[in-house]
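**Q** No sequence on hand, only this structure:
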């Protein structure tokens, strides 16, 4: 499993809803167009393929693959939609 930060900018409201629906089962929404996801290679490729089928030339999606060491360094402040999964393991290296 790998950690991803996925950011998207979809210009059309209909396509935006479609992309959002594809993202929701794959990760945790941390802002309106930002998701954190933990995916294996097969699921990542499946998500990439399904999202690219929705996008048009004016849209963009950026996938950041983040190593475990850097993933553990993330910090969150303020209120938001972020919900930490209780069964998630954390490692201090």
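**A** Done, it's in. Not measured: the values here are computed from a predicted model.
**Q** tell me the contacts of residue 60?
**A** Listed by Cβ atoms under 8 Å, 6 or more residues apart in numbering, the contact partners of residue 60 are 8, 9. Glycine gets a C-beta too; all of them are placed from N, C-alpha and C.
**Q** same thing with residue 33?
**A** Residue 33 sits in contact with 7, 8, 9, 10, where contact means Cβ under 8 Å, 6+ apart.
**Q** ok, 10 Å please
**A** 6, 7, 8, 9, 10, 16, 19, 20, 23, 61 (Cβ atoms under 10 Å, 6 or more residues apart in numbering).
**Q** As a check, name the ranges of all strands in this protein.
**A** 2-9, 27-31, 34-39, 60-66 (DSSP state E).
**Q** Going by neighbour count, list what's buried in the first one.
**A** Counting neighbours by 16 or more other Cβ atoms under 10 Å, one finds that the buried residues in strand 2-9 are 3, 4, 5, 6, 8.
**Q** could the strands of the chain go into TSV alongside mean pLDDT and distance to residue 72?
**A** Formatted as TSV, the strands of the chain follow (pLDDT from 0 to 100; distance: least, Cβ to Cβ, whole Å):
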stretch	mean pLDDT	distance to residue 72
strand 2-9	96	9
strand 27-31	90	16
strand 34-39	94	13
strand 60-66	96	10
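**Q** Is it correct that residue 66 is in contact with residue 1?
**A** No: Residue 66 is beyond contact range of residue 1, at 11.9 Å (criterion: Cβ atoms under 10 Å).
**Q** the more surrounded of these two?
**A** residue 66 (15 against 11; other Cβ atoms under 10 Å).
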